[in-house]
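Asks: I'd like to go over a predicted model; first the sequence, then the structure.
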Amino acid sequence: MKVVKAVCAPGRTGFYFDDQRAIKGGAIADGSYYKGQPVTPGFSAVRQAGESISVLLTLEDGQVAWGDCCAVQYSGCGGRDPLFLAKDFIPMIEKHIFPKLVGVEMEDFRQLADMIEKMAVEGKPLHTAIRYGVSQALLDAVAKSKKKLMCEIIADEYGTTVADKELPIFTQSGDDRHSNADKMIMKHAQVLPHALINNVETKLGKKGEILLEYIGWLRDRILELRLDESYVPTMHIDVYGTIGQLLGNTNYEDMADYLAVLGEAAKPFALRIEGPMDEEEREKQMIALSTLTKLLDERKIPVELVADEWCNTLEDIKYFADHKAGHMIQIKTPDLGGIGNIVEAVLYCKEKGVLAYQGGSCNETDRSAQVCAHLAMASQPVQILAKPGMGVDEGYMIVYNEMQRILALRK
């Protein structure tokens, strides 16, 4: 079945673009706003409204397939593509991409996605957000053409099996890390709370004491509120490099000592720490994370490390997995560009014995979250992120409900 028409629609995401460098540099939180000057190119404020572009493909029978182009909250840093603004990229999509799609048979997703992945405009690859959204629309178009679910197309083309039960969902709290944790516990979220520990002075503590206190509080809160002892969630906290910022990115023994204290405080629950350091460069980040991972294993410290910053593309993920840089790797879905790369990344991590976390960003949309649920059900990572937004309920609902629809339709 061919595409007969293609249009764009500008949209909003479920969160914001944040200038991570400005926040790490001391921008002051003021309600939902940040006071201070942006430092990352393209930003007009430290925090500004997130933007998306819906790509809508009309098929010959009148069905409309679609996906959303969107980028991560912390765009323009950590080796990522620059800020993604709809007004800048809609004209480029209409001029350069749509002529390649109108009149084309929606038959083989991998072949179509590969075409978009390899496209260049003025000698430059397409922005990751564009590859992300256009490939979502192509998967939906192939699924509608073949009257199958998107997860079934992925399973057919990549030789996988669609999961027969829901996958663990990781929920994120944003700065409202106490009341949002209550929401997660009430909904029995299997992985929680993210916690957004992105500042040493206000969130980690000058001696690491703020995070330690929070983990103790969270442990007690789960034990207090859970309905029965069968609910044993994993704590997963993103520290955005602040542990290394406090103790020194290569002071591995000191970091291990601190992580051991956190691991003890989390018991009886397992603890994962994402992004313990940020070396501001891929090679140094891989070496630091690999070294700390090995040290934790040697000392039998019950904390798993999660790779995030500087591990953005499929190539990066393979590189980190090859060197065991982290026990788990976040596959931050918008950063990989075409969604076929997400599936490839999950499968590669499994092959290398590294835990695969199909993540993403609070700054995505309902549509990208739905499509990602299909990718996860077909590739079966260890956990999938609830997204978009930081309100817990909305993102959890979107991902959970899409997985349940898949299970119900396939029974």
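Replies: Ah, there it is. Residues are numbered from 1 along each chain as shown.

Asks: which stretch of helix or strand covers Ser52?
Replies: Assigned by DSSP states H and E, Ser52 belongs to strand 47-59.

Asks: that strand: which residues count as buried?
Replies: Under the neighbour-count criterion of 16 or more other CB atoms under 10 Å, strand 47-59 has 47-48, 50-55, 57-59 buried. Backbone N, C-alpha and C define where each C-beta goes, glycine included.

Asks: now do the contacts for Ile116.
Replies: Ile116 makes contact with 97, 100, 126, 131, 134-135, 138, 338, according to CB atoms under 8 Å, 6 or more residues apart in numbering.

Asks: what pLDDT does it get?
Replies: Per-residue pLDDT puts Ile116 at 97.

Asks: run a quick neighbour tally on the residue lying closest to it once chain neighbours are set aside.
Replies: In space, and not counting its chain neighbours, Ile116 is closest to Val134: 5.2 Å by CB to CB, 6 or more residues apart in numbering. Neighbour count of Val134, defined by other CB atoms under 10 Å: 32.

Asks: now do Lys387
Replies: Lys387: 31 surrounding residues under other CB under 10 Å.

Asks: state the distance from it to Lys124.
Replies: From Lys387 across to Lys124, the span is 28 Å (CB to CB, to the nearest Å).

Asks: list the contacts of the helix or strand harbouring Tyr319.
Replies: Using DSSP H and E, Tyr319 falls within helix 314-322. Contact with helix 314-322 is made by 79, 282, 286, 289-290, 307, 310-311, 325-326, 329, 331, 336, 341, 344-345, 348-349, 352, 354, as judged by CB under 8 Å, 6+ apart.

Asks: so which bits of the lengthiest strand in the chain are buried?
Replies: Longest strand of the chain, by residue count under DSSP state E: strand 3-18. By neighbour count on 16+ other CB under 10 Å, the buried set for strand 3-18 is 3, 6, 8, 11, 13-18.

Asks: where does the closest residue to His127 other than its chain neighbours sit: helix, strand or coil?
Replies: Of all residues not flanking His127 in the chain, Asp81 sits nearest, at 5.2 Å (CB to CB, 6+ apart). Under DSSP: H, G, I helix; E, B strand; the rest coil, Asp81 falls in the coil class.

Asks: give me the neighbour count for Asp81.
Replies: 20.

Asks: quick one: residues contacting Thr250.
Replies: By CB under 8 Å, 6+ apart, Thr250 lies in contact with 288, 291.

Asks: would you say it is within a strand?
Replies: No: according to three-state DSSP, Thr250 belongs to no strand; its state is coil.

Asks: confidence score at it?
Replies: Thr250 is given a pLDDT of 95.

Asks: and it, how far from Met277?
Replies: Separation of Thr250 from Met277 (CB to CB) stands at 8 Å.

Asks: quick one: secondary structure of Glu304?
Replies: The assignment at Glu304 comes out as strand when based on three-state DSSP.

Asks: how far off centre is the helix holding Tyr319?
Replies: Distance of helix 314-322 from the chain centroid (CA atoms, centre = their mean, to the nearest Å) equals 16 Å.

Asks: same deal with stretch 376-388?
Replies: Using CA atoms, centre = their mean, the distance from the centre of stretch 376-388 to the centre of the chain it belongs to is 10 Å.

Asks: quick one: average pLDDT of that stretch?
Replies: On average, stretch 376-388 scores 98.

Asks: and Gly79, what pLDDT?
Replies: pLDDT, Gly79: 68.

Asks: mind putting the buried residues of strand 47-59 into CSV with pLDDT and distance to Asp30?
Replies: CSV is the format used below for these (pLDDT from 0 to 100; distance: CB to CB, whole Å):
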residue, pLDDT, distance to Asp30
Arg47, 95, 10
Gln48, 95, 14
Gly50, 96, 19
Glu51, 97, 22
Ser52, 98, 26
Ile53, 98, 30
Ser54, 98, 32
Val55, 98, 36
Leu57, 98, 42
Thr58, 98, 45
Leu59, 98, 48
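
Asks: list just the nearest of these to Thr365.
Replies: Ser52 (5.2 Å; CB to CB).

Asks: settle this for me: that closest one is touching Trp66, isn't it.
Replies: No: counting by CB atoms under 8 Å, Ser52 stays clear of Trp66, with 11.5 Å between them.

Asks: next one: the most centrally placed residue in the chain from Ala22, what distance?
Replies: Geometric centre of the chain, nearest residue: Gly360, 1.6 Å, by CA atoms, centre = their mean. Distance, Gly360 to Ala22, by CB to CB: 23 Å.

Asks: now the helix-or-strand element of the chain with minimal mean pLDDT, how far from the centre of its chain.
Replies: Least confident helix or strand of the chain, by mean pLDDT, DSSP states H and E, is helix 20-24 with a mean of 84. Here the centre of helix 20-24 is set off from its chain's centre by 19 Å, with CA atoms, centre = their mean.

Asks: okay, now the sheet partners of the next helix or strand after that helix, with direction.
Replies: Counting by DSSP H and E, the element after helix 20-24 in chain order, helix or strand, is strand 28-30. When pairing is defined by DSSP bridges, strand 28-30 lines up against strand 33-35 (antiparallel).

Asks: correct me if wrong: Asp114 contacts Gly340.
Replies: Yes: the criterion here is CB under 8 Å, and Asp114 meets it with Gly340 at 7.2 Å.

Asks: so which of the two has more stuff around it?
Replies: Legend: neighbour count by other CB under 10 Å for Asp114 and Gly340, higher for Gly340 (26 against 14).

Asks: which strand or helix spans the more buried one?
Replies: Using DSSP H and E, Gly340 sits within helix 339-352.
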